[in-house]
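Novice: A predicted structure for the sequence below; I have some questions about it.
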Amino acid sequence: MCLLKKLLVGICLLWTCTPFVQAQDSFVINGQVTGVKDGVAIFLFREDGKVGVTIAKDTIRNGAFLLKGTVKDKTDKLTLLAYDPEFPMMGLAIYATPGATIKVTGDDTYPMTWKVESDVPQQQLVNKFILASRDLWIEYQKNTVQMMKVSSEERKVIKAKNDSISYAIHKNDIALLREMPYSDIWMDKFHQLCNVLTYDKGFPYKAELVNLYKGLSKEQKQTDKGQEIKTFLFPPQTVQIGDIAPDANFYDLQGETHHLSEFSGKYILLDFWSSGCGPCILSIPEMTEVYSQYKDRIEIVSLSLDTKRRWTEASTKEHQIIWSNWNELKGMSGLYAKYGIKGIPFYVLISPQGKVLSMTMGYKKGMFKEWFSELFE
C-alpha cells in the first residue's frame, strides 16, 4: 500500500520591509511530549502536489522540540514525522497560516495522534477526523511498529489486524463526511477514501462513496480532485498490450499543446514520473544516455504527474530533461488511469504504428540500455 523551495524589488524595500514581511509570513510549532527519549529527530515536510519537501527539523530534548517555517501559500499543508525505530513512519497533519503559533503535545511514541492546538480552521476540521478514531489509530500505529520486529508469518497476522482497523476507521470517516459541510478538508478526506479503491478491490464501503460523489455539485466534480475521485470510483477500461495507444492533450513548460501523433512513424517510450519519486530521478542519467544514442529512431515522452508549479520547478531547477517533457495536468486521472498504473516509474513502449508493445513498472540500472539494444541492434 510514493511531497519547494522570491524576488527582491528595490534596495530600500529590502532594508525597511523585509524583516516585517518574514515575520508576518512565518509560523512556529512548539512541541511538548512525554514518554519520549531525548535524541529523536523530528522533521517537518511541506506537501506540494505529490511531493513532500523538508522545511524544518529539530531533535527532542527534555521532551521539547521547536520547528519554524515560512508559509508558501495562504495555508500550508504540512506533515510532522519522527525518525526512530520505536516510532511508526506515519505523519501528523499540521496546517499553518502566516503568523500562526501551533502547539503539539503528546504522551506516547505515536505522533499521528499527538494533539495539535491552533486557530487554523483546517486544523480543527482535521482534528475531528483524528478524534473520531483516535484509539483505533493508536492501535494501528502500535501494530505498525511491532511489524518491524517480528517474523514474516507474524507480520501477516498483524497486517490482518491493521486491515480490520482500517475498515473501522474508514467507516468513521464516512460517517463524518455525511455530517460535515463541504470544504477543502472534506474533499481531501473523500479523495483519500476513494483512492483506497485503486488497491483494495474488496473495499466494503464503495456504495457509500458513490452516494457521496452523487451529492457533489458540477463544479466540485470538475476540480482536479473531483476528476481523480471519478476515476477511482468509475475506472476506465484499461489499455492492453496490442491496443492502439490512446492520445491526449499534453502541455509543455511553455504551455503549448502536444499530441503523441507528432511522433507517428517512430517508436515512443512513455515515462510516467514525479519529482518525488526516487527511482524516477535515478533513471534520468541512463535515459539521457540512450536518448542521445537512439533519438533518431525513438522519442521519449516524460509525462509528469506533479502539479504545474512543482513540475516546472523540478524541470527548470533540479533535473535536465532533453527529450519531450510534458504534463497532462490531470494527476491520477487521464492517461495514468487508462493504463491502470499502480506505481511509478511506469514505462509504455509504443510501436511506430501506434500499438502498445510493452508496459513496465519500476526502474533497474541498465534496463534502458538492454531494451534499446535489443530493439535496435
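Specialist: Arrived safely, thanks for sending.
Novice: out of everything not next to it in sequence, what's closest to Y167?
Specialist: Nearest residue to Y167 in three dimensions, chain neighbours excluded: P204, at 6.4 Å (C-beta to C-beta, 6 or more residues apart in numbering). Using the backbone N, CA and C atoms, a C-beta is placed for each residue, glycine as well.
Novice: so the one you found: helix, strand or coil?
Specialist: When classified by DSSP: H, G, I helix; E, B strand; the rest coil, P204 comes out as coil.
Novice: pull up the gap between it and T231, please.
Specialist: According to C-beta to C-beta, to the nearest Å, P204 stands 20 Å off from T231.
Novice: quick one, which of the two is more surrounded?
Specialist: T231 (22 against 10; other C-beta atoms under 10 Å).
Novice: tell me which helix or strand that one sits in.
Specialist: helix 224-233 (DSSP states H and E).
Novice: same thing with G52?
Specialist: When elements are assigned from DSSP H and E, G52 belongs to strand 51-59.
Novice: pull up the pairing partners for that strand, direction included.
Specialist: strand 41-48 (antiparallel) (DSSP bridges).
Novice: what residues does the strand it pairs with touch?
Specialist: Strand 41-48 is contacted by residues 3-4, 29, 31, 52-60, 65, 67, 69, 72, 76-84, 91, 94, 307, 309-310 when judged by C-beta atoms under 8 Å, 6 or more residues apart in numbering.
Novice: now a ChimeraX select for only the buried ones of those residues.
Specialist: To isolate in ChimeraX the members of the contacts of strand 41-48 that are buried, counting by 16 or more other C-beta atoms under 10 Å, one can use:
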select :3,4,29,31,52,53,55,56,58,60,65,67,69,72,76,77,78,79,80,81,82,91,94,307,310
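Novice: could you verify that L303 is part of a strand?
Specialist: Yes - counting by three-state DSSP, L303 is part of a strand.
Novice: count of residues packed around it?
Specialist: Residues within reach of L303, counting by other C-beta under 10 Å, total 22.
Novice: what pLDDT does the model give the residue lying closest to it once chain neighbours are set aside?
Specialist: Among residues not flanking L303 along the chain, F272 sits closest, at 5.2 Å (C-beta to C-beta, 6+ apart). pLDDT for F272: 96.
Novice: what's near enough to touch F272?
Specialist: Contacts for F272 were tallied using C-beta under 8 Å, 6+ apart; they are 303, 305, 335-336, 339, 341, 344-348.
Novice: only C-alpha atoms, please: export stretch 150-159 in CSV.
Specialist: These are the backbone C-alpha positions of stretch 150-159, laid out as CSV (Å, rounded to 0.1, in the frame of the first residue of the first chain):
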residue,chain,number,x,y,z
VAL,A,150,8.7,-10.0,14.1
SER,A,151,8.9,-12.8,11.6
SER,A,152,7.2,-12.7,8.2
GLU,A,153,4.4,-15.0,9.4
GLU,A,154,3.7,-12.9,12.4
ARG,A,155,3.7,-9.8,10.2
LYS,A,156,0.8,-11.4,8.2
VAL,A,157,-1.3,-11.7,11.4
ILE,A,158,-0.6,-8.1,12.4
LYS,A,159,-1.3,-6.8,8.9
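Novice: what's the distance between the residue nearest to Y167 and V33?
Specialist: Separation of P204 from V33 (C-beta to C-beta) stands at 36 Å.
Novice: what pairs with the helix or strand hosting I29, parallel or antiparallel?
Specialist: Using DSSP H and E, I29 maps to strand 26-33. Paired neighbours of strand 26-33 in the sheet (DSSP bridges): strand 64-70 (antiparallel), strand 101-106 (parallel).
Novice: nearest to I322, out of those strands?
Specialist: Comparing those by their distance to I322 (C-beta to C-beta), the top pick is strand 64-70, with 33.7 Å.
Novice: summarise which helices and strands the helix or strand that comes right after the closest one is packed against.
Specialist: For strand 64-70, the following helix or strand on the C-terminal side (DSSP H and E) is strand 76-83. With contacts defined as 3 or more C-beta pairs under 8 Å, 6 or more residues apart in numbering; DSSP states H and E, strand 76-83 has these neighbours: strand 41-48, strand 64-70, strand 92-96.
Novice: out of those, which comes closest to D252?
Specialist: strand 41-48 (20.4 Å).
Novice: what angle sits between the closest one and strand 92-96?
Specialist: Here strand 41-48 points in a direction 60 degrees away from that of strand 92-96 (axes from the mean of the first three to the mean of the last three C-alpha atoms, to 10 degrees).
Novice: relative to strand 76-83, how tilted is strand 41-48?
Specialist: Strand 41-48 and strand 76-83 are oriented at 150 degrees to each other (the same axes, to 10 degrees).
Novice: chain center to strand 41-48, what's the gap?
Specialist: 13 Å (C-alpha atoms, centre = their mean, to the nearest Å).
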